[in-house]
Structure formats: C-alpha cells, structure tokens
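Asker: predicted model and sequence follow; I will ask about them next.
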Protein chains: 2
Amino acid sequence: MTSELAFIAALRALADNPAARGLNDDCAVLDFGGEALVLTHDMMAAGVHFLPDQDPADVAWKLVATNLSDLAAKGAEPVGVLLGYQLGESAQDARFIAGLREALHHYRAPLLGGDTVGGDGPKVLGLTAFGRATHRPVPSRSGAQAGDGVWLTGAVGGAMVGLEALRSGHGESARYRRPEARLAEGIALAPQVTAMMDVSDGLLLDALRMARASGVCLALASKAVPLACPEDRRAEALRWGDDYELLFTLPRGATPAAPATCIGEVRDAPAGTLLVDGTPPDTGEKLGFEHH
Amino acid sequence: MTSELAFIAALRALADNPAARGLNDDCAVLDFGGEALVLTHDMMAAGVHFLPDQDPADVAWKLVATNLSDLAAKGAEPVGVLLGYQLGESAQDARFIAGLREALHHYRAPLLGGDTVGGDGPKVLGLTAFGRATHRPVPSRSGAQAGDGVWLTGAVGGAMVGLEALRSGHGESARYRRPEARLAEGIALAPQVTAMMDVSDGLLLDALRMARASGVCLALASKAVPLACPEDRRAEALRWGDDYELLFTLPRGATPAAPATCIGEVRDAPAGTLLVDGTPPDTGEKLGFEHH
C-alpha cells in the first residue's frame, strides 16, 4: 500500500493553492461572500479508526465529533455536514442513524447532504463539515511565537483507557466512544490565540506539528499535563490520540477565555522541535498516531 | 443490506432542514456571507460505479466530473473540492493522482483538502465539491411549469456504448471514462430555466424525478432525443445513466443560451408523471439506474 504520507505529499504538490492545507489533519479556510468558510473532510475505516464490532451509533458520533473538532480549532461555528456512508446490515445502519441524530442534535449541526454506496468490504465512512469562522484572522497552527505559553483544554489519556474499557467490557468507555469537540472553547479562544490545533493523533506528535508549522520550539512540562487516566500511564497518555482537546499558544501573561492548563512555553530555537522536560522525546517511541 | 432508498428516507427524516435536499442526487444550497454556497458529496465504489480493473486516472476524472455535474445543474462555478481516498497499490494510487490532476486542471477546481484511509476491501472514494451560484434563485428540479419546453444538452447513450467499448477493448470509451460536466452550459442557462438537473441515472428516470419534484407531467418525444449511440439502441440509451447532460425546462418560445435540443413539453397533469410518446413508459423496464 502507498504510504499515506507519500500520497498526501503528492496531493499537496498537486494542490497549488495555499488553502490546500486542509489535507489530512487540518481545515481548508477560504473567503466566501466576505466571510471565512472553513471546511474539513475526515474519513473513518473499520478496523483502523473504530472496532469492527463497535456500536454504529458511537461510530456516527465519533465521525461527527472528529470533523467538528477540526472546526473547533479554527474557532468556527458549524454550518452543516455532508455524509458519505457505506450501507451495511439494516440494524447496524439504523444504529448509525440513531447516533448521527444524537451527535448532530448535540452539536446543532444540520445534515445537508451526502451520498451512500453499497459494498461488502470493511466499512469506509466520510464526513464533510463546514462552518463559519467567528474570528479573523482564523487561527492556524503556524502562529506560535517565542515567549508564548503552551496551553491545553481538558486532559489526555481518557480515550486510551476508554478504548481498553470497551475492549475488556469493564470500566468507563465514553471518552473513547463519544469524544467531545471543543467548539465553544475554540470560539472563545480564537481571538486570543497565536496558534491553535486539535489534538487528534497524540499530544506530543501534534505539539511537534505545531512547532514545525510555526518554526519554533515547544518546550512542554510533562507533569503539567492533566490526565484522564492513572498517573502511571502518563507517558503513554501523552502519545495517545483521540482525545480531541485543543492545543494552543497565548502571549505570556494572557489568561485563556476557556478552561485550560498551561503545559509549557514556546522558545525560538531549535526551530521546529519539541522538548519534553528539557530534552527531545525518545525517537524510538512513537510520538502519536502516525498516518501510514 | 439496507435499501439505499430506505436509508436516505431515514436520513431525510433526520435532517430537519429544507437545504437537506442535497442527499444522494442533488446539491445543498445555502446562504453564506450573502452568496449562495452550493455543496455536493458523491461517492464511488469499485464494482458499482467503476470497473475494479479500470484505470484509476479515469476513476479520478469521473469522481470529479460527477460531482461538478451536480454543481453545473445549479449554475454554480466550482470553488474547490475535498477528497476522501482509500489508499491502495502504489502504481494505482499514482495513476489516480495523475487523473485527479488532469480533471482539476480541466475544470479549474482546486483541491483544498481531504483525508485518506487504508483498507483492503473494494475501494470506496468520496469527493465533496462546493461552488458559488452565479444566479439566484438557484435552479432546482422543482420549478417546471405547464407549457414549458423540456430541453437536453448534448446526447445520451455515449456512456453506454463507451462502457461496452471499455469492456470489450474495441471502440471509443471516452464518453464513459471521461464524462464532461456541463459547467459553462449550466451557468449560461441558470438565469433562463424554470427547472434544471443533471442526468446521471438515466434520462427517463431523471425526467420522472423532475416531474415529481415539480408536480407536473413531463411529456417527452423519444425520437427527438439526440443519441451518441446507434439508432437501434435508442430505447436503452434513454434508460442508461452516466451521460451527465443537463435536463431543463424553459418557458415556451424561449431560446436556450447553450446548445440544447427540445425533447418534449411540460403538462399540468397527471401530476408527477412521465409520458414517452404519449404513454407512460413500461414499468416492467427500469427507467434508469435505481439506488438500492
């Protein structure tokens, strides 16, 4: 199989447009009618992004939440979604619709269109979400400045232990099954932040992406990161994805307009790097969920 | 497997929004920043919408063209597309990108974002296209009026014989492999038409859909329909899809602003019906490609 990174690189080369940053892990942002239109399309595949035997209602919820989380990082309010759905067994499809209804109601995002196909292979689902940015310039991951504080809404590790609970049948799995897109927080923070992104693939990996996009060093204090899992799982929790919190930077001394924790600071060098407790993280370990 | 129609009906019930007509075979149209934003999402699955061994460059072209054809029927100019792609074998993926590049260049539609997933099953692809309507009110399929003429751009049957040529290895297959979205025609016609839609699932089936949406009778003269196939295939050509011409209605006496052929007239009754040469088409035969 083609490496996903290679394919994305080829697509980026093809897309001779600065708005084409909306590939894979970010939104497209463009002017439409004098407003900032924010668009994202995320796919989920059975066996990769969800368990093949998982309740389709939870799959639907997660499909909506992951896309709206991308909008949240832009401080955008949802305008609507388009669904791409691969039909399956009737009872499963009915559960999917039930979860979709819940998620769209929860996030006040209307279903405006979409398409369905048949198919017997592992399910592949897609959702396009689009919204209206509430603040311009629209936050991006490339604006972090030396001297800024690094902040995180909520906690990490909840999806990790939630997935384990779901697999084992013991314990609370909601943080994995029903992630929360931080839309209200994103809208509140957008006018303040110098950079913002959602943490979908793991805090360390996404922090490194922000450091690279901004050309700065993000220096994190690992102990400062709030956990939604036992303390002895801290190292893993920093590398686990699916928590969908917002990672953002604020000028020194600023107080965030939404509940968040300061987890580090931005330095000017080494540019494009991440430090955890003063040292680069062990590259022998994955920093998060890499797309291959 | 769930009936596609049943699933779409459930989605429609869920989507408590008039813009939700963008399900399956139409666009969503909504006001954004004082302009009309037009969105559509079409999926294609191997073995259903394309041959599993077909050149992926042609599959990419068709994925773009089918979505832009939906925009064409709204008189919209493309603003951009988001791709949902299931990765496969490297050489095939490279061909897909080559065809995508050609199609996006041809239609001047930038790639603005998207996502990729792995997966071993039959390929499922999705594309979201969005555009700006050039004329308001935006044409719909529901505005045909008794007394209007029924018109068609181009000819039908070309995709039918093109698919046969592709399967047999003899003859010209371009009309199947590389359909043309009638964007310029749609923009020219939008200020004139009382109703417009693209013919994706077969002329008779789509004409019946327009009759139902408009609450009128479309009376077609089958011999008037231009063919891109031999005359003895006429009956099949009227029921075959994938030609992506525009079907529209104009007030009596109006001359269309793009090349087109008058193929019938709109009557007030029986409402929601189709007549071909004065009689309802044989319901024992399919009128076109039905979604199941």
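Answerer: Happy to help now that I have it. Residues are numbered from 1 along each chain as shown, chains lettered A, B, ... in the order given.

Asker: spatially nearest residue to the residue of the stretch 101-250 of chain A found nearest chain B (excluding sequence neighbours)?
Answerer: Distances between the stretch 101-250 of chain A and chain B by CB to the nearest CB are smallest at A:G121, namely 1.7 Å. Heads up, the C-betas are built off the backbone N, CA and C, glycines and all. Nearest non-adjacent residue to A:G121, counting by CB to CB, 6 or more residues apart in numbering or on different chains: B:G121, 1.7 Å away.

Asker: give me the contact list for stretch A:74-81.
Answerer: Identification of contacts with stretch A:74-81 by CB atoms under 8 Å, 6 or more residues apart in numbering or on different chains yields A:27, A:29, A:36, A:38, A:64, A:67-68, A:71, A:104, A:107-112, A:114, A:127-135, A:138-139, A:183, A:186-187, A:189-191, A:196, B:17, B:19, B:28, B:30, B:32, B:39.

Asker: how about 6 Å then?
Answerer: For stretch A:74-81, contacts defined as CB atoms under 6 Å, 6 or more residues apart in numbering or on different chains pick out A:27, A:38, A:68, A:71, A:107, A:109-112, A:127, A:129-135, A:138-139, A:186-187, A:190.

Asker: re earlier: just the pLDDT at the residue nearest to A:G121, thanks.
Answerer: B:G121 is assigned 77 on the pLDDT scale.

Asker: show me how far stretch A:140-158 is from its chain's centre.
Answerer: Here stretch A:140-158 is found 13 Å from its chain centre; the criterion is CA atoms, centre = their mean, to the nearest Å.

Asker: I'd like the average pLDDT over it.
Answerer: On average, stretch A:140-158 scores 97.

Asker: again with stretch A:9-17
Answerer: 64.

Asker: now stretch A:254-271
Answerer: Stretch A:254-271 shows a mean pLDDT of 97.

Asker: how about the residues of the stretch 101-250 of chain A by chain B?
Answerer: A:101, A:110-119, A:121-122, A:124, A:126, A:128 (CB under 6 Å from any CB of the partner chain).

Asker: ok, now with 8 Å
Answerer: A:101, A:104, A:110-122, A:124, A:126, A:128, A:130, A:132 (CB under 8 Å from any CB of the partner chain).

Asker: circling back: quick check, the residue nearest to A:G121 in a helix?
Answerer: No: using DSSP: H, G, I helix; E, B strand; the rest coil, the assignment for B:G121 is coil, not a helix.

Asker: next, count neighbours for it.
Answerer: B:G121 sits with 18 neighbouring residues when counted by other CB atoms under 10 Å in any protein chain shown.

Asker: my guess is it meets A:D120, correct?
Answerer: Yes: applying CB atoms under 8 Å, one finds B:G121 in contact with A:D120, separated by 7.2 Å.

Asker: find residues that contact each of these two.
Answerer: Contacts common to B:G121 and A:D120, judged by CB under 8 Å, 6+ apart, are absent.

Asker: which of the residues of the stretch 101-250 of chain A next to chain B fall in strands?
Answerer: A:111-117, A:124, A:126, A:128, A:130, A:132 (DSSP state E).

Asker: domains in chain A, by residue range?
Answerer: What automatic domain parsing lists as the domains of chain A is A:4-133, A:149-276.

Asker: just how off-centre is the last one within its chain?
Answerer: What that stands for is domain A:149-276. The mean C-alpha position of domain A:149-276 is separated from the chain mean by 10 Å, CA atoms, centre = their mean.

Asker: with the longest one instead?
Answerer: Taking CA atoms, centre = their mean, one finds the center of domain A:4-133 at 12 Å from the center of the full chain.

Asker: can you report how many residues neighbour the nearest residue to A:V193 once chain neighbours are set aside?
Answerer: Take A:V193 and drop its neighbours on the chain: the residue closest to it by CB to CB, 6+ apart is A:F248, 4.4 Å away. A count of nearby residues for A:F248, using other CB under 10 Å, gives 31.

Asker: still on that earlier bit, what's the farthest-apart pair in the ones in strands among the residues of the stretch 101-250 of chain A next to chain B?
Answerer: Based on CB to CB, the longest span within these runs between A:V117 and A:R132 and measures 29.8 Å.

Asker: so the residue of the stretch 101-250 of chain A closest to chain B sits against B:D120, correct?
Answerer: Yes: counting by CB under 8 Å, B:D120 is a contact partner of A:G121 at 7.2 Å.

Asker: now the element after the helix or strand of chain A with the lowest mean pLDDT, going C-ward?
Answerer: Lowest mean confidence among the helices and strands of chain A (mean pLDDT, DSSP states H and E): strand A:22-23, at a mean of 58. As assigned by DSSP states H and E, the chain's next helix or strand after strand A:22-23 is strand A:28-32.

Asker: between strand A:124-133 and that following strand, find me the angle.
Answerer: Angle of strand A:28-32 versus strand A:124-133, following axes from the mean of the first three to the mean of the last three CA atoms, to 10 degrees, is 50 degrees.

Asker: report the buried residues of strand A:28-32.
Answerer: A:28-30, A:32 (16 or more other CB atoms under 10 Å in any protein chain shown).

Asker: and which of the residues you listed is nearest to chain B?
Answerer: For the buried residues of strand A:28-32, the closest approach to chain B (CB to the nearest CB) belongs to A:A28, at 3.8 Å.

Asker: what number of residues are in the vicinity of A:E180?
Answerer: Close neighbours of A:E180, defined as other CB under 10 Å, add up to 21.

Asker: who's in contact with it?
Answerer: A:65, A:244.

Asker: circling back to that earlier point, kindly reformat the buried residues of strand A:28-32 as TSV containing distance to chain B and pLDDT.
Answerer: Below are the buried residues of strand A:28-32 laid out as TSV (distance: CB to the nearest CB, whole Å; pLDDT from 0 to 100):
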residue	distance to chain B	pLDDT
A:A28	4	91
A:V29	9	93
A:L30	7	91
A:F32	6	95
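
Asker: quick revisit: of the residues of the stretch 101-250 of chain A next to chain B, just the buried ones, ChimeraX syntax please.
Answerer: Remark: buried members of these, expressed as a ChimeraX selection using 16+ other CB under 10 Å:
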select /A:101,104,110,111,112,113,114,115,116,117,118,119,121,122,124,126,128,130,132
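
Asker: perfect, I'm done here.
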